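Trainee: Here is a sequence together with a model predicted from it:
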Amino acid sequence: MAREPLSLVVTTFNSAGTLARCLDSVPCADEIVVLDSGSTDATLEIARARAARVVVRRFAGYAAQKQQAIDLASHAWVLLLDADEALTPPAVQAIEHALATPDAAGYRLLRREQMFWRLQPRASRINAHLRLFDRRTGGMNDAPVHAAPQVRGRVRTLRDAVFLHYGEPDIATKVRKLNDYSSGMATPQRAAQARFLRTRMLLYPPLFFLRQYLFKRYFLAGWAGYISAASGAYYVFLKYAKLYERQRLQRDPGARERIP
């Protein structure tokens, strides 16, 4: 069946451990574009062995780097994946079917998370992310850390299109990401605009934990689900705590120097 041609777009940095699985999971790609930001491992060799178009550029920020990668694509329809993500076979079929007669500007796929030593249970609530889209209708938003595509027009969710995220193989990796992401969120601009940070620090982390553990049914994953929900609540706390710290230092830049 004829369909719209598809460009698989991936940004990488020292992604040798997961990239092969990512690229091999998308046999329907008519083109593979890999934008690397200076890997020193075997990332580039893995990409080139799969006939990817490889470009190396200095990291420009989460949103800008992904947008540059999207702009390198030859085809209008783009599948945007991270190097530690991979499609399931049903997702490949759902994408091919959607591209045969596209009825939307973009499609959300369901992302099933790795929770340390196991995968997120299918019966828990799995988040949907816009990853398949016509790049002529939009591009990346300007979020400082969790940048995502936005399109003009209808967006549908492909319920059979599940992809896997292998981003958190252990707790140490999770904690490093939480620290990096929360620091990235604590920009001077966000600190200047943020309100009620002390209240948010007190109330939102436990509410976030309850939402993840109970309402999203992370309890189905046993202790892995508990640790994932708890660490997510810690991320929420860190995000607001670092914004609060930046606000304090903006109001009183010499506070640290006065510590005896």
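Mentor: That came in fine, so what should we check first?

Trainee: show me where the stretch 151-260 of the chain has strands.
Mentor: 155-165 (DSSP state E, counting those that start in this stretch).

Trainee: Poorly predicted segments of this protein, please.
Mentor: Low-confidence segments of the chain (pLDDT under 70): 1, 255, 257.

Trainee: For residue 197, grab the count of nearby residues.
Mentor: For residue 197, the neighbour count with other CB atoms under 10 Å is 19. Placement of C-beta: from N, CA and C, glycine included.

Trainee: Ignore what I typed, I meant residue 39.
Mentor: Neighbours around residue 39, by other CB under 10 Å: 20.

Trainee: now do the one 4 residues further on
Mentor: Other residues lying near residue 43 total 25 when counted by other CB under 10 Å.

Trainee: how near is it to residue 86?
Mentor: 16 Å (CB to CB, to the nearest Å).

Trainee: now swap in residue 204 and tell me
Mentor: Taken as CB to CB, the span from residue 204 to residue 86 is 32 Å.

Trainee: if you count what's nearby, which of these two comes out ahead?
Mentor: Taking other CB under 10 Å, residue 204 and residue 86 do not tie; residue 86 has more neighbours (21 against 17).

Trainee: in the sheet, who's paired with the more buried one?
Mentor: Taking DSSP bridges as the rule, residue 86 bridges to residue 164.

Trainee: So it is in contact with residue 167, correct?
Mentor: No: with contacts counted by CB atoms under 8 Å, residue 86 stays clear of residue 167, the gap being 11.1 Å.

Trainee: can you list the domains in this protein?
Mentor: Following automatic domain parsing, the chain resolves into domains at 6-165, 171-252.

Trainee: from those domains, which stretch is densest packed?
Mentor: domain 6-165 (a mean of 18; mean count of other CB atoms under 10 Å).

Trainee: Secondary structure of residue 28: a strand, I assume?
Mentor: No: assessed by DSSP: H, G, I helix; E, B strand; the rest coil, residue 28 does not belong to a strand; its assignment is coil.

Trainee: Against residue 161, how distant is it?
Mentor: 12 Å.

Trainee: shared neighbours of these two, which are they?
Mentor: Shared contacts of residue 28 and residue 161, defined by CB atoms under 8 Å, 6 or more residues apart in numbering, comprise residue 95.

Trainee: ok, now which ones touch residue 6?
Mentor: 28, 29, 30, 31, 75, 77, 78, 79, 95, 99.

Trainee: From residue 184, how far out is it?
Mentor: Taken as CB to CB, the span from residue 6 to residue 184 is 30 Å.

Trainee: swap in residue 21?
Mentor: Residue 21 is 26 Å from residue 184, by CB to CB.

Trainee: again with residue 232
Mentor: Residue 232 is 16 Å from residue 184, by CB to CB.

Trainee: how about the helices in the stretch 1-150 of the chain?
Mentor: Secondary structure of the stretch 1-150 of the chain (DSSP state H, counting those that start in this stretch): helices located at 19-24, 43-49, 62-71, 89-100.

Trainee: Not counting the first one itself, show me its contacts.
Mentor: It refers to helix 19-24. 8, 10, 12, 15, 32, 34, 43, 46-47, 50, 52, 81-86, 166.

Trainee: ok, residue 11 touching residue 83?
Mentor: Yes: counting by CB under 8 Å, residue 11 does reach residue 83; the two are 7.2 Å apart.
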